[in-house]
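A.B. asks: Sharing a sequence plus its predicted fold:
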Amino acid sequence: MMRYLLGLAFVVLLGCTKTPTNQDITILDFENALAATYNFLGAYGDYYLPISNLSSDEAGIPGFGSNLSSADDLTEMLKHEWTPENTLTNILWGDLYNAVNAANNGLALVTEIKETIPANRLAEARALRAFNYFLLLDIFGNVQAFKEDVLLGNVNVPQLTRAQVFDFIEAELLEIIPQMDETPKYGFMTKSVAQTLLAKLYLNASVYTGTPEWSACRDACAAIIGSGHYSLATDYFDLFATNNQSVGGNEIILASTESPAIHQSRLSVHPAQVDTKNPSTNGFFNYAATPELVQSFDLINDRRGDALLRGVQTTSAGDVILDAAGDTVQYDQDFRGGSQFLNGYRVLKYEIDATKINYGDNDIVIFRYADVLLMQAEALNELDDLSGAIDLINDVRARSYDPAMPLSVGDFTKETLRTQILQERSQELFWEGWRRQDLIRHDAFCTQTWSQKEAPADDCQKRLLFPIPKEVLEINTNLVQNPGY
């Protein structure tokens, strides 16, 4: 799971067995660089997603300090005590910038390649670069944003403010969206993927720049909805099945197809439940749903709550599952119970393939249509269209509630609907990587404490950003550490 930190080294990824001359460089070298950029989409599921889960009110590790969960990096996330040496954030930084470098490597070759590279392929590389910059903007804030011209001789790259990085990404997306493929292509950057990224950017504009962009968010979402390419999957859990790339319907807008993928269900469910004959702790990190997440669910009527495993666990044949000591596998909501490996309800959202020891063939979902509908609802509410917002929320709720439990506009004010939207996003998108971002946008990340996440001794406001890795600062003198670290 851990990879070597490359910092900001500009590594040429041309896929050649020798150093190419101008005569050697072809369009294949561009395609190799583009493929290398796609490879780093896996960083979303491997690092960005668990960072969001563990630092928010969604996930904890009962009994951290055990042999399975004593890693300082995880404990720091849970306690909101991360430092510039945290491995999770350091590797995420390295992977995101390596993705940027790979895209830039491909784009820098354009002047050397005699063949004409189609405009949509160039836009695809720039969209991938923009996606990685978006994650850097969200996690680290004040970073360096640069194009392929860095590789062509302009190596003095200044550190930008968060607002400047926002402007950089926005300008890139607005320029390339008209050039991108209209037709969805699973696992690839298309027009709708770039529009979803733009919507995410505008959704959080008040955090990134201090100025809300609700009309722009509404319009970006409306373009995706109006395209007619996407719809909600009939079955919520098809989105996370082992073959979700084929059964997820038209809801998945972008997924990481990197295989093998470490998904959070494998890190959460007790090994005896994964394989009753040969339980193994491989791939088990003892992750559990916080009581706060559990308590937000209607566990009787909302089918999405079926992902929260609770009570005595049985096989499909109805046999009680036993751990290696012969004790019943029974999950209790309280993190403070007698068995740290059974405390806390477990999350089985991504289907587990018991034939795989560590990994599954599920693709990690990054963007999906239900998220777009809820982003649009949030934008409409902020623009005082409560009725339109509730219609969209009810579209999402209708799939999961049995019997149906639609919201009524007469029950809400703008302020109370804002709170409801935050809850709706949690119930629909839990353990998918967006909760930390949502809490920060709603000014709820520093106003309360959750299980295993007591108020830190220092100023929580600095925790809205993560520190730039110490190793990177030692190498790159153009960077200044984020405040408070």
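C.D. replies: Thanks, I have the structure now.

A.B. asks: which non-adjacent residue is nearest the residue nearest in space to the middle of the chain?
C.D. replies: Nearest residue to the geometric centre of the chain (CA atoms, centre = their mean): Gly433, 3.7 Å. Nearest in space to Gly433, with sequence neighbours left out and distances taken as CB to CB, 6 or more residues apart in numbering, is Leu49 at 3.7 Å. All C-beta spots, glycine's among them, are computed from the backbone N, C-alpha and C.

A.B. asks: Got phi/psi on that neighbour?
C.D. replies: Leu49 adopts backbone torsions of phi -60, psi -50, taken as degrees, to the nearest 10.

A.B. asks: got the contact list for it?
C.D. replies: Leu49 makes contacts with Gln264, Ile364, Trp431, Glu432, Gly433, as judged by CB atoms under 8 Å, 6 or more residues apart in numbering.

A.B. asks: Check Thr111 too.
C.D. replies: With contact set as CB under 8 Å, 6+ apart, Thr111 has these partners: Leu152.

A.B. asks: how close does it sit to Leu152?
C.D. replies: From Thr111 across to Leu152, the span is 8 Å (CB to CB, to the nearest Å).

A.B. asks: cool, and Asn120?
C.D. replies: Distance of Asn120 to Leu152, given as CB to CB: 23 Å.

A.B. asks: Just want to know which of the two has more residues nearby.
C.D. replies: Just comparing Asn120 and Leu152: by other CB atoms under 10 Å the higher neighbour count belongs to Asn120, 15 against 12.

A.B. asks: Might one say that Ile139 is in contact with Asp95?
C.D. replies: No. Using CB atoms under 8 Å, Ile139 is not in contact with Asp95, being 11.5 Å away.

A.B. asks: out of those two, which sits in the more crowded spot?
C.D. replies: The neighbour count for Ile139 versus Asp95, taken as other CB under 10 Å, is higher for Asp95 (24 against 20).

A.B. asks: Sketch out the low-pLDDT regions of the stretch 351-485 of the chain for me.
C.D. replies: In the predicted model of the stretch 351-485 of the chain, residues 357-359, 455-457 satisfy pLDDT under 70.

A.B. asks: what ranges do the strands span in it?
C.D. replies: 364-368 (DSSP state E, counting those that start in this stretch).

A.B. asks: At which residues are the helices of it located?
C.D. replies: All helices of the stretch 351-485 of the chain, identified by DSSP state H, counting those that start in this stretch, fall at 369-382, 386-398, 414-429, 435-441, 470-475.

A.B. asks: likewise the stretch 151-300 of the chain?
C.D. replies: Assigned by DSSP H, counting those that start in this stretch, the helices in the stretch 151-300 of the chain fall at 162-176, 191-203, 205-208, 214-227, 244-247, 264-268, 271-274, 291-295.

A.B. asks: and of the contacts of Leu49, the nearest to Ser227?
C.D. replies: Comparing the contacts of Leu49 against Ser227 with CB to CB places Glu432 closest, at 22.1 Å.

A.B. asks: excluding its backbone neighbours, what's nearest that closest one?
C.D. replies: Val365 (6.4 Å).

A.B. asks: Show me what that neighbour is bridged to.
C.D. replies: Assessed by DSSP bridges, Val365 has beta-bridge partners Ala255.

A.B. asks: I figured Arg399 hits Asp238, correct?
C.D. replies: No. Using CB under 8 Å, Arg399 makes no contact with Asp238, being 10.7 Å away.

A.B. asks: hang on, the earlier thing: is it possible to export the helices of the stretch 351-485 of the chain to TSV including distance to Ala127?
C.D. replies: Listed next are the helices of the stretch 351-485 of the chain as TSV, based on distance: least, CB to CB, whole Å:
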stretch	distance to Ala127
helix 369-382	17
helix 386-398	26
helix 414-429	22
helix 435-441	20
helix 470-475	25
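
A.B. asks: Tell me which of the ones you listed sits most buried.
C.D. replies: Highest mean neighbour count among the helices of the stretch 351-485 of the chain (mean count of other CB atoms under 10 Å): helix 369-382, with a mean of 25.

A.B. asks: State the distance from the nearest residue to Pro403 once chain neighbours are set aside to Gln427.
C.D. replies: Excluding the flanking residues, the one nearest Pro403 by CB to CB, 6+ apart is Asn301, at 6.9 Å. Per CB to CB, Asn301 is found 11 Å from Gln427.

A.B. asks: do the same with Gly63
C.D. replies: Distance from Gly63 to Gln427, by CB to CB: 27 Å.

A.B. asks: Can you get me a residue count around the residue nearest to Pro403?
C.D. replies: Neighbours of Asn301 under the rule other CB under 10 Å: 13.

A.B. asks: Assess the claim that it and Arg397 are in contact.
C.D. replies: No. Using CB under 8 Å, Asn301 is not in contact with Arg397, being 10.2 Å away.

A.B. asks: Please enumerate the shared neighbours of the two.
C.D. replies: Common contacts of Asn301 and Arg397 (CB under 8 Å, 6+ apart): Met405.

A.B. asks: Contacts only, for the nearest residue to Asp384 once chain neighbours are set aside.
C.D. replies: Leaving aside its chain neighbours, Asp384 sits nearest to Lys414 (6.6 Å; criterion: CB to CB, 6+ apart). Lys414 sits next to Asn381, Glu382, Asp384, Leu386 when contact means CB under 8 Å, 6+ apart.

A.B. asks: Excluding chain neighbours, give the residue nearest to the second one in space.
C.D. replies: Nearest residue to Glu382 in three dimensions, chain neighbours excluded: Trp214, at 4.3 Å (CB to CB, 6+ apart).

A.B. asks: Tell me if I'm right that the one you found and Ala377 touch.
C.D. replies: No. In this structure Trp214 lies outside contact range of Ala377 using CB under 8 Å: 11.5 Å.

A.B. asks: shared neighbours of the two, which are they?
C.D. replies: Counting by CB under 8 Å, 6+ apart, no residue touches both Trp214 and Ala377.

A.B. asks: re the thing from before, of the helices of the stretch 351-485 of the chain, which is nearest Pro271?
C.D. replies: Pro271 sits nearest to helix 435-441 of all these, at 26.1 Å, using CB to CB.

A.B. asks: okay, the closest one in PDB with CA atoms only?
C.D. replies: The C-alpha coordinates for helix 435-441 follow below in PDB (Å, rounded to 0.1, in the frame of the first residue of the first chain):
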ATOM      1  CA  ARG A 435     -17.100  13.500   3.900                       C
ATOM      2  CA  ARG A 436     -14.100  15.600   5.200                       C
ATOM      3  CA  GLN A 437     -14.700  18.100   2.300                       C
ATOM      4  CA  ASP A 438     -18.400  18.300   3.100                       C
ATOM      5  CA  LEU A 439     -17.900  18.900   6.800                       C
ATOM      6  CA  ILE A 440     -15.400  21.700   6.100                       C
ATOM      7  CA  ARG A 441     -17.700  23.300   3.600                       C
END
